[in-house]
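Peer 1: here's a sequence, model it:
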Amino acid sequence: LVGAHAAQVRERLRDRGAFAGEITADRFRDVPGDQLLTGLRGKDVVLTFVESYGRSAIEDPGLASEVDPVLDAGYGRLRAQGYAARSGFLTSPTSGGGSWLAHDTLLSGLWTDNEQRHQALLASDRLTLNGAFHRAGWRTVGVMPATTGPWPEGAFFGYDRYYDSAGLDYRGTKFGYAPMPDQYTLARFQRAERAGTDRPPVMAEIPLISSHSPWTAVPRLIGWDAVGDGSVFAQPANRVQSPPDAARAGYRQAIAYSLDTLVSYVETYGDDNLVLVFLGDHQPAPVVTGPDASRDVPITIVARDPAVFDRISDWGWQDGLRPGPAAPVWPMDAFRDRFLTAFGPAPGAAVAHPGG
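Peer 2: This next block holds a predicted model:
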């Protein structure tokens, strides 16, 4: 036991030093704001993590039977409004929980798979995707409906405005773990940040949490004009009770709701300058997936402007809201650099690299 503990201590110390080097090795660290994200100028970029939205949701027949029709029908409606979508997979550093590790990994471009790395990252000055948008002139917003207490760590991400659960002013009932339905979260964000015209472009990070376990009660999607202060969700007609002890049934209902809500948001509030990126943070627990599931999660980009997809034409992502079995699989920490590269200066443009 003593020997094993000593080995663990040595490994933690080794990993701490290695991770410190990874934090500082950043080719985007000193890139000026006017050379970041030039391919998205004027766009509102909404990055949403869908809680527990894993690869199993779209490939396990017992789950996909409800989830895939939502994605396929939703894409049909979006295409009718002029939108396109491309999808692939990312491999998450966590599974069944630990959402913050996935958020860290995607936003920082660093593989953050344990609490020591999480704390080291938050204590650093690593450039996150949020920080890159902020440096490039976007108004950066964090919308965190599940944050019900102080979260000083949020300062690391560099939001211009941060909405926690209390700041979202929800007046309805809870749905299991989730303090509020995803539809309310998106409606409140829309009213607060995207409704005006005389404003800078917005980059928002929004974790959606209606699909968080235990999946005992799932909201119904209602008309957006009826959302109001959320009190309408206290009505029994606006919630679906999942069968007791039926985790898989509740999970697939909740994922279908969250994805349907995202599609409906784009249908209702989208325009030529909206770019939606949505992905899972991790797979659900083995009680849903079984013991041998991968750690892959779907990721999708939705936009109406064809120039957005021209920028990522070499990614190999598949058309639609649902990636197929042959879609590319990247480690989640690869996304930040690929995204910043794709939407950086146009090919052939001069770039000022760090150091000169």
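Peer 1: middle-most residue in this protein, spatially?
Peer 2: F49 (2.4 Å; CA atoms, centre = their mean).
Peer 1: which secondary structure elements does the strand or helix carrying E66 contact?
Peer 2: In this assignment (DSSP states H and E), E66 forms part of helix 61-80. In terms of contacts (3 or more CB pairs under 8 Å, 6 or more residues apart in numbering; DSSP states H and E), helix 61-80 is packed against helix 56-59, helix 247-269. (Glycine included, C-beta is placed from N, CA and C.)
Peer 1: just say which of the ones you listed is most tucked in.
Peer 2: Sort the helices and strands packed on helix 61-80 by mean neighbour count, taking mean count of other CB atoms under 10 Å, and helix 56-59 sits at the top with a mean of 25.
Peer 1: packing partners for the helix or strand the residue nearest to the centre of the chain falls within?
Peer 2: Element membership for F49 (DSSP H and E) is strand 44-50. On a contact count with 3+ CB pairs under 8 Å, 6+ apart, strand 44-50 meets helix 99-108, strand 202-208, helix 247-269, strand 274-280.
Peer 1: possible to save these as CSV with mean pLDDT and distance to D30?
Peer 2: CSV is the format used below for the helices and strands packed on strand 44-50 (pLDDT from 0 to 100; distance: least, CB to CB, whole Å):
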stretch, mean pLDDT, distance to D30
helix 99-108, 98, 16
strand 202-208, 98, 20
helix 247-269, 97, 35
strand 274-280, 98, 25
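Peer 1: the residue nearest to the centre of the chain bridge partners, please.
Peer 2: Counting by DSSP bridges, F49 is bridged to P207, L279.
Peer 1: ok, it touching A102?
Peer 2: Yes - F49 is within contact range of A102, at 7.1 Å (criterion: CB atoms under 8 Å).
Peer 1: which residues are in contact with both of the two?
Peer 2: The contact sets of F49 and A102 overlap at D281 (CB atoms under 8 Å, 6 or more residues apart in numbering).
Peer 1: which intervals of the stretch 101-250 of the chain have sub-threshold pLDDT?
Peer 2: Within the stretch 101-250 of the chain, the ranges that satisfy pLDDT under 70 run 243-245.
Peer 1: strands of that one, start to end?
Peer 2: 139-143, 161-163, 202-208, 217-219, 239-241 (DSSP state E, counting those that start in this stretch).
Peer 1: neighbours around the closest residue to R161 other than its chain neighbours, how many?
Peer 2: Using CB to CB, 6 or more residues apart in numbering and skipping residues adjacent in sequence, the residue nearest R161 is V141, 5.0 Å away. Residues lying near V141 (other CB atoms under 10 Å) number 22.
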